[in-house]
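Q: below: sequence and its predicted model.
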Amino acid sequence: MRLRLGDKKMEKKLAGVPPSERVLLISHCLRPSELCEAKMSKKGLQCRDDCPNRCAIGKLRILAQELGYKGVCIAPGGSMALNYIRQKKPKATVAIACRKELQEGMEAIDEMIKNEGFEEMAAIVPVPLSSDGCVDTEVDCKYAERIIRL
């Protein structure tokens, strides 16, 4: 699958999937390294519910949870995100990461569908980082929120 940003057809498909059948994947590199108090676990970065430093990850995670998403995974890499998808079996995914990780992730999901008998997802909507570099990255939160709300 080729990375296609701003794909209106895919956004329309996402809008047709109830939030309870969607997952949100967020790259952990969005965390503010100097302020973040979250702990990394086998399930990804675990934000504190009472975090005083409401970063982009916290805002987007809370939005997805409030909308009733099936789950949110803040992953340090693609293999954790793929395992999360295997576990949750969503009908749609919103993924926030750098373009390289998004492309590799979409290709890996294609392979998973072909080789593991995994059910094809109705929609995978990528949200690219606006600045990358693996530490203290940024995303256009307004755009990400719009996609999550579709």
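A: Received the coordinates, thanks. Note that the structure is predicted; figures quoted are calculated from it, not measured.

Q: what comes into contact with stretch 71-82?
A: Defining contact as C-beta atoms under 8 Å, 6 or more residues apart in numbering, one finds that stretch 71-82 is touched by 23-28, 31, 38, 40, 43-47, 57, 61, 64-65, 84, 88, 90, 95, 101, 104-105, 108-109, 112. Just so you know, the C-beta spots here come from the backbone N, C-alpha and C atoms, and that holds for glycine as well.

Q: which stretches in this protein count as strands?
A: 22-27, 39-41, 44-46, 71-75, 92-97, 123-128 (DSSP state E).

Q: same for the fifth one, what does it pack against?
A: Taking 3 or more C-beta pairs under 8 Å, 6 or more residues apart in numbering; DSSP states H and E as contact, the helices and strands that strand 92-97 lies on are helix 8-15, strand 22-27, helix 99-116, strand 123-128, helix 141-149.

Q: just how off-centre is it within its chain?
A: Put simply, strand 92-97 sits 4 Å off its chain's centre (C-alpha atoms, centre = their mean, to the nearest Å).

Q: over to the first one?
A: Strand 22-27 has its C-alpha centroid displaced from the chain centroid by 2 Å (C-alpha atoms, centre = their mean).

Q: what pairs with that strand, and is each one parallel or antiparallel?
A: Partners of strand 22-27 in the sheet, by DSSP bridges, are strand 71-75 (parallel), strand 92-97 (parallel).

Q: and I148, how many neighbours does it have?
A: Taking other C-beta atoms under 10 Å as the neighbour definition, I148 ends up with a count of 23.

Q: does it touch Q65 like I think?
A: No. Counting by C-beta atoms under 8 Å, I148 does not reach Q65; the two are 10.4 Å apart.

Q: deepest of the helices and strands packed on strand 92-97, which one?
A: Highest mean neighbour count of these: strand 22-27, a mean of 26 (counted as mean count of other C-beta atoms under 10 Å).

Q: endpoints of stretch 29-45, how far apart?
A: End-to-end span of stretch 29-45 (C-alpha to C-alpha, to the nearest Å): 10 Å.
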